[in-house]
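Asks: The following block contains a protein sequence and its predicted model.
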Amino acid sequence: MKKILSLSIILAAGFSLTSCVNEEDDLFDHSAAERLNQLSDIYSARLEAQPNGWAMQYYPTNEEEAPYGSGYLILCDFDPDGSVKVAMDNIFSGNKYSEDRSLWEVITDNGPVLSFNSYNKNMHAFSNPEDLPFTGTSEEPNNEQGKGAEGDYEFIVVDAPEDASYMMLKGKKRGTYNLLTPIEQGVVYEDYLADVKAFHNAMFPPEYISYDILHAGDEDFVFKNANSGVPTIYPVGGDEVTQNEFCPFLTTKRGDDYYIRFRDKQIVYYTESGAPDDESLQTYQEFKYNPETDRFESTTIENVYLEGNVPAKFFDEMLTGSRRFQMNRNSEMSEKMQVLYDNMYNAMRQKKANLQNIQFKYNESKVRAFIVYRSGTKTVQPAFDYDYSYNDDNLTLSNMTPYDAAVNLLTTIPEIDVFVNTLTQEFVVKAGTTRFNLNTIKLESVSDPDLWFVVTLY
Amino acid sequence: MKTKHNILLFAFAVMVVAGFSTSCSDDDFTPTIFDTTEYPLDRSLYSFPLDTFVKKNFLEPYNLKFIYRLEDIGSDLQKNLVPASYEKSKELAVLSKYLWYDVYKKVAGEEFLKMYSPRIIHVIGSPAYNPTQGTETLGTAEGGLKITLYKTNELDVSNIDMMNEYFFITMHHEFAHILDQTYQRPSEFNTMSAGLYNVADWGNTHDSIAACQGFVTPYASSQAREDWVEVLANYVTMNDDEWGRLLATASYDWEQIDLEDISDYNKLLKPGCNLDTIGYVKEEQNGELKIVRKVVQRDVDGYVEVNDKGEWTYLELDNIDGKAMILNKLDMVREWLKQYWNIDVDVLRNEVLHRQYMTDANGEFVKDSKGRYVNRFITPTLEDPSKTLMEILMEEVDAYKALMQ
C-alpha cells in the first residue's frame, strides 16, 4: 500500500512540473483587435493629414484591356467629418469634370481597409454593375450589365508612412496597387486636372504620327500612341503587333514637377552588362519630367528614360513621306526672321498680294518652298526649289532655283529675293517646344543662332 | 482484496486531483477588450443626422440596425455591388419607417415588431443582377434576422409603381418570409398549385399567363414559399384598381405562341382591332418573340371565330380558375395572419394604401384626370400646402442637423 501511495504522489508531482511548461509569452502589448483598431485610427489620421487631399492613381483591375485595366486619375479629399470629396475628369465621367461627396471609413477587415462605403458617382463608377456604353462597337456591343468595370471601392492600406508623403493602397478584390500622392494646398481640383490633362496632351498628342523612345538598360523600345494612357510599346526593330505589351500609365503633378507612372513594374533589360545584384535596379515604374533634358527620367534608375524622336530624322521622314511643313506670320520665329517675313509681307501687300503662308514640300529630291498668297479671289503659289541634304541633327538647303514664273517675283518684289535666299543655309533641326511633340519643328541657323523659325506639320 | 482495491482507487483519485490542480491555471483573464460603453453619436460627423434618425427610430425601439454603409462582408460576394448614396439612404430610411414600421406598429402593435422585426436591414445601392438568368434579385431575407434591399440609388419618390415594385412589395415580401419562418404557412397551400411551379424559368412567364394559373406575379410561380409571400406583399400594396385588373386578367385563360416576325403582328393592328384576340407582344430573355393572348375559339387557320353578332367565345382549357385560386390563396393568408398575429390583412392594406395615395377629407381616394390614384409623397399636404409629404418626412432626419457641431 505504501508503495502504491508513494508512486501516486510521485506521479502527481510529475504532472505539476510538466504542466504549462510550454506556455508562450505575450508578443504584443495589446490584442489583435485592439491593434487593428489603433491602426484604423492612425491611417484615418494620415488620410486626413493632407489638407488639400490626394491624387489617386486608380486602376480598376489588372486586366490587359482598356478600359478595365487602364488608369484613371481621381482626386480625393478626406474630411475628418467622415465625408470625402472625389473628383475626376475621364471617360467614366463623360470626359467632363465631375465632383461628388460621400462617406468614407477605415474599417477593420482582415486588416485596415479604406472603404468608400456610401455611393459616390465618381469612385463607384468603376464598380457599378451596369453596362459601359463606351465599350464595344455597334456590331459587337460589350454588355457588362451585372459586372460593370469590376473595379474596387475598398482598398487595403499597404503602406502609409508617418509623414503622409504618400500612401499605397491595394484593391481588396482585384489586387491592383493604387498610389496616392498629396495635392498642394491652394490647388483647385478642376484646375489641377486640367493642368495635368494639358501637359499629358502636349507630351503625348492625340493621333500623333511620331513616336518616342524608351531607353531601358541595354534595350530601346518604341513608345507610341500614348495619348490614351495605354501606349504601344515594342522593341526598336521589333514587331508592333506581336511584341506589344499592355502597359497602362498615368500622368500626375507634384509641386511643379510632372510624373508618369506605369501600373506595373517593368523589367530592365541588361542583356550586355548583366543584371546588377541590387534588386531596386532591376525594375522601373515611375518617371519624372526634366524640362532641361526634355526627357522623362526614371526616379530610381539613372539610365532609364523616355525621350521624344530625333527632330531632324522626323522632319526628313515627314517631308520625304509627302507631308508638308508650314509657317505663317504668327508662327514662332526670331526677331531677325520676323523682320524678313514682315518686310516680304508688307511689300507684297503693296502689290495687292496677301501673303498667307510659306509651305515646304519635297519634290523630286528637292525641297520646294511655296510662297502662298491671295490676289483678289485667286490663290497663287510661286515656288522656289532647293537642294536638300540631312545629316544627324542638321539639314542644309542650297542652290535656290525659282520654279517657272517665280523668277519674276525676285525682281518685282526684292524682299522675296532676300527671304528665299536667307533660307539657303544649314539649319539645326530642333523640337518646336518638346521632342515629345514634333508637330512643330524649329529650324535654327547654324551660322547665326539668332535666325530661327518654327514650322508646323501640315 | 477489497483493501487493495480501495488503495488503488485512492491513488487514482490523488493523481486526478493533482492533474486538475496543476494544469494551466495561470491564465489571467482580464476585462473584455471590447469597449461596451454606450457613447453618444459624434455630432461632428457628416452622417450624424441619418445615424441619429436610424438609432432613434429603429435601433432603440426595435433593436434593428439599419445599415446604409455597404458592408461588403455582409453582402453577396458573388455579385458586383455598390453602396447606396447618403441621400437615397435617407429617403429609404424615412419611407421604411413611414410605410412599414409605423404601419405594423399601428396595426399589430409595437411588441409585434420588437419580437418579429428583422435585426438588420442592409441597403445596397445597385441592383443585384443574375446575368445568367437575365433577372435581378430585389431583396433577400436571411434566417428571420436580416433583410437586404437592393437598387436603393434608383429610388424615385415620384414613381409610386417603381417604389412599390422595388421597395415596398419587397419589404412586405421579405418580412412575410420572416413571419413564415416563425409560423410556417399551412401545408395545404403548397399543393394548391402543385405541378405549375417553375423555379428555373419563371422569368419568362408573362404576367397574364401567371395570373390565369392562379399566381399574383410571375415570381410567385417559381415556388410555393415565394407564392405565399407574394400574395401578401402584392395584396397589401396594390390599390383597388390594380387588384381588380389582376383578378380580371386571371378570370380568363391565356396562351403564349411564337411570333416569327414583328411585321406579322403589326399587320394585325388595324383601327378597331381587339387586343384580347390579337394579344400582346413579348420578348423573351433569349430574344425570341412571343404573343400572349386570351384563349378564344379559332378556326383551323387560327382566325377568331365570331358569331353573327360579331362576338367571340372565350375558352377554358386548363381547368384552373385563376381568379378563384388567387382569392383562395388570399383567404389562407388572411386566416394565417389573423390566427398567429391577430392582424387583419385588410386593415393592414388599408393603412398602407392610405399612406401611399392621396385621400380627401372623407378618407376617400383622390384620382387624377386620367382616373389614376394620386401619389401622396409628391403632393402638397393638406396640413401644409407649401410642403409635400416626402419633404415633411425628410425633415425628421434633417432636424438633427441643428444638433451638429
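Replies: Perfect, thanks for sending it.
Asks: C-alpha from now on. contacts and neighbour counts both.
Replies: OK.
Asks: what's the offset of stretch A:123-131 from the middle of its chain?
Replies: With C-alpha atoms, centre = their mean, to the nearest Å as the basis, stretch A:123-131 stands 25 Å off its chain's centre.
Asks: cool, and stretch A:304-311?
Replies: Distance, centroid of stretch A:304-311 to centroid of chain: 13 Å (C-alpha atoms, centre = their mean).
Asks: just stretch B:363-378 next, same as before
Replies: 23 Å.
Asks: Compute the first-to-last residue distance for it.
Replies: One end of stretch B:363-378 sits 18 Å from the other (C-alpha to C-alpha, to the nearest Å).
Asks: part of a helix, is residue B:252?
Replies: No - assigned with DSSP: H, G, I helix; E, B strand; the rest coil, residue B:252 falls outside any helix and is coil.
Asks: so where do the helices sit in the stretch 201-350 of chain A?
Replies: A:311-320, A:335-350 (DSSP state H, counting those that start in this stretch).
Asks: deepest of those, which one?
Replies: helix A:311-320 (a mean of 20; mean count of other C-alpha atoms under 10 Å in any protein chain shown).
Asks: other SSEs contacting that helix?
Replies: The helices and strands touching helix A:311-320, judged by 3 or more C-alpha pairs under 8 Å, 6 or more residues apart in numbering or on different chains; DSSP states H and E, are strand A:354-363, strand A:383-391, strand A:426-431.
Asks: contacting residues around the shortest one?
Replies: Which is strand A:426-431. A:311-312, A:315, A:393-397, A:437-438, A:440-447 (C-alpha atoms under 8 Å, 6 or more residues apart in numbering or on different chains).
Asks: Counting only strands, which of those residues make the cut?
Replies: Within the contacts of strand A:426-431, residues falling in strands by DSSP state E are A:394-397, A:440-445.
Asks: and of these, the nearest to chain B?
Replies: residue A:440 (46.7 Å; C-alpha to the nearest C-alpha).
Asks: how close does that closest one get to residue A:358?
Replies: Counting by C-alpha to C-alpha, the gap from residue A:440 to residue A:358 is 14 Å.
Asks: Write out the residues of the stretch 51-200 of chain B neighbouring chain A.
Replies: Residues of the stretch 51-200 of chain B lying close to chain A (C-alpha under 8 Å from any C-alpha of the partner chain) are B:68-71, B:79-86, B:125-131.
Asks: repeat that with 6 Å
Replies: Neighbours of chain A within the stretch 51-200 of chain B, by C-alpha under 6 Å from any C-alpha of the partner chain: B:69-70, B:80, B:82-85, B:129, B:131.
Asks: coming back round to it: please convert the ones in strands among the contacts of strand A:426-431 to TSV, extending it with distance to residue A:67, pLDDT and neighbour count.
Replies: Below are the ones in strands among the contacts of strand A:426-431 laid out as TSV (distance: C-alpha to C-alpha, whole Å; pLDDT from 0 to 100; neighbours: other C-alpha atoms under 10 Å in any protein chain shown):
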residue	distance to residue A:67	pLDDT	neighbour count
A:394	42	95	19
A:395	43	95	22
A:396	46	96	19
A:397	47	96	20
A:440	31	94	24
A:441	34	96	25
A:442	37	97	22
A:443	40	97	25
A:444	43	97	22
A:445	46	97	22
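Asks: Dump those residues to JSON lines, plus distance to residue A:380.
Replies: Below are these laid out as JSON lines (distance: C-alpha to C-alpha, whole Å):
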{"residue": "A:394", "distance to residue A:380": "31"}
{"residue": "A:395", "distance to residue A:380": "28"}
{"residue": "A:396", "distance to residue A:380": "27"}
{"residue": "A:397", "distance to residue A:380": "23"}
{"residue": "A:440", "distance to residue A:380": "25"}
{"residue": "A:441", "distance to residue A:380": "25"}
{"residue": "A:442", "distance to residue A:380": "26"}
{"residue": "A:443", "distance to residue A:380": "25"}
{"residue": "A:444", "distance to residue A:380": "28"}
{"residue": "A:445", "distance to residue A:380": "28"}
